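Trainee: compute the structure for the input listed below.
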Amino acid sequence: MPDDAPPAPEPPQLGSPAGSLSSKAADEARAGVSFALAAFVLWGLLPLYWNLLSGLSAFEVLQHRVLWSFVLASILVRIGGTPMRAPHGKRRYIVIAALLLGLNWFIYVFAISIGRVVDASLGYYINPLVSVLLGMVFFRERLSGLQWAALGLATAGVLYLAIEYGAVPWVSLILAFSFGFYGVIKKSLPGLPATHGMALELRYLWPPAAAFVLYGQVSGGAAFLHSSPVTTLLLAVTGVATLTPLLLFAGAAKRISLAKVGFLQYIAPTLMLIIGVVVLGEPFSAKRLPWFVAVWIALAMYSYSQFPSVGARWATDCGAAPASRSVK
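Mentor: Numbers count the residues shown, from 1 in each chain. The predicted model follows:
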């Protein structure tokens, strides 16, 4: 090294500002991963909770889930001191998002009540691929060759089930597309805190939910307060069961990259699949296996394509730009 060359920078010491920043970033990353793991594990275990209410109608469970989630979200928003106002000119988007969310919640609880947890798990497996498809349709996002292949393989798996198994996987498709379209609407809205957005959406669903709950109390046909204390308690804490993983997910998304979140999200449907087959004893016949294998391979291809270097290389090879996340 020449004598007049600047001295090499010393590595940051533990007590130095750079070292403190690095340590803080590492702590944030660890917290983010912990929040994500907790969120997806809770989401994966929720079928056990909803199964405890399987003796009730899915519509009654939906009423309480909407009502108590709105109450809890509104309390949290008020504690945070943020006024709960819809963004200007976006009310219709929030109404549509609320309807899609209500549909997703109803089908999910209904599927568990009729013993279709395995089909529900597949819906959340294919949801990322549906989101890719909707991003291409609505936001002109361009797909790499690997993403096209993943989408085609997942589609082939669904068609296989419809033809060979003799049934359209309507539970899986409704769950995947309702949540996919929900994501499209959310992307069209300005960024809102998770609890704030949930409170705004449920504000349009809670009046009819509260009316049905009240009617059930007056008529005596509802399970709430008219059945066992355990059932009443389970219905009353549906808001906690709904919002807790959502808040953990929001905390994770602020601290780690969406790529990491994307990998961890498969914990939830995997746990759902295990619970459906092992705990709840749902059949998993040989005819279903190729369907799931096709989707699993497609998800592996899609996840692999999320690495920037891979996405850029496939885009170059196929003459396409990497998938864009921006709204056109």
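
Trainee: helices of the stretch 1-150 of the chain, residue ranges please.
Mentor: 17-51, 58-80, 91-113, 117-139, 145-160 (DSSP state H, counting those that start in this stretch).

Trainee: nearest to Gly281, of those helices?
Mentor: Taking C-beta to C-beta, helix 117-139 is the member of these nearest to Gly281, at 10.2 Å. All C-beta spots, glycine's among them, are computed from the backbone N, C-alpha and C.

Trainee: CA atoms only for the closest one, dumped as CSV, please.
Mentor: Output of helix 117-139 as CSV, limited to C-alpha atoms (Å, rounded to 0.1, in the frame of the first residue of the first chain):
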residue,chain,number,x,y,z
VAL,A,117,-59.9,-27.9,6.1
VAL,A,118,-57.7,-29.6,3.5
ASP,A,119,-59.4,-27.7,0.7
ALA,A,120,-59.1,-24.5,2.7
SER,A,121,-55.3,-25.1,3.1
LEU,A,122,-55.0,-25.5,-0.7
GLY,A,123,-56.8,-22.2,-1.2
TYR,A,124,-54.1,-20.4,0.9
TYR,A,125,-51.4,-22.3,-0.9
ILE,A,126,-52.5,-21.0,-4.3
ASN,A,127,-53.4,-17.5,-3.1
PRO,A,128,-49.8,-16.1,-3.9
LEU,A,129,-50.1,-17.5,-7.5
VAL,A,130,-53.6,-16.0,-7.9
SER,A,131,-52.2,-12.7,-6.6
VAL,A,132,-49.5,-12.8,-9.4
LEU,A,133,-52.2,-13.4,-12.0
LEU,A,134,-54.4,-10.5,-10.7
GLY,A,135,-51.4,-8.3,-10.6
MET,A,136,-50.8,-9.0,-14.3
VAL,A,137,-54.4,-8.3,-15.2
PHE,A,138,-55.1,-5.2,-13.1
PHE,A,139,-51.7,-3.5,-12.7
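
Trainee: and Thr231, what element?
Mentor: helix 229-236 (DSSP states H and E).

Trainee: quick check: angle from that helix to helix 58-80?
Mentor: For helix 229-236 against helix 58-80, the angle by axes from the mean of the first three to the mean of the last three C-alpha atoms, to 10 degrees is 60 degrees.

Trainee: packing partners of the one helix or strand Leu243 maps to?
Mentor: Leu243 is located in helix 238-253, with elements delineated by DSSP H and E. Other elements packing on helix 238-253 under the criterion 3 or more C-beta pairs under 8 Å, 6 or more residues apart in numbering; DSSP states H and E are helix 17-51, helix 58-80, helix 194-202, helix 258-264.

Trainee: closest to Phe249 out of the ones you listed?
Mentor: In terms of C-beta to C-beta, the element of these nearest to Phe249 is helix 17-51, at 4.1 Å.

Trainee: which parts of that closest one are buried?
Mentor: Across helix 17-51, burial judged by 16 or more other C-beta atoms under 10 Å covers 32-33, 35-36, 38-44, 46-47, 50-51.

Trainee: stretch 144-160 too?
Mentor: 144-151, 153-155, 157-158, 160.

Trainee: what do you get for stretch 283-300?
Mentor: In stretch 283-300, residues buried by neighbour count (16+ other C-beta under 10 Å) are 288, 291-292, 294-296, 298-299.

Trainee: let's see the helix holding Thr231 as PDB, backbone CA atoms only.
Mentor: Written as PDB, here are the backbone C-alpha positions of helix 229-236 (Å, rounded to 0.1, in the frame of the first residue of the first chain):
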ATOM      1  CA  PRO A 229     -70.600 -20.600  28.800                       C
ATOM      2  CA  VAL A 230     -67.600 -22.100  26.800                       C
ATOM      3  CA  THR A 231     -69.400 -21.500  23.500                       C
ATOM      4  CA  THR A 232     -70.400 -18.000  24.500                       C
ATOM      5  CA  LEU A 233     -66.800 -17.200  25.400                       C
ATOM      6  CA  LEU A 234     -65.500 -18.700  22.200                       C
ATOM      7  CA  LEU A 235     -67.800 -16.400  20.200                       C
ATOM      8  CA  ALA A 236     -66.900 -13.400  22.300                       C
END
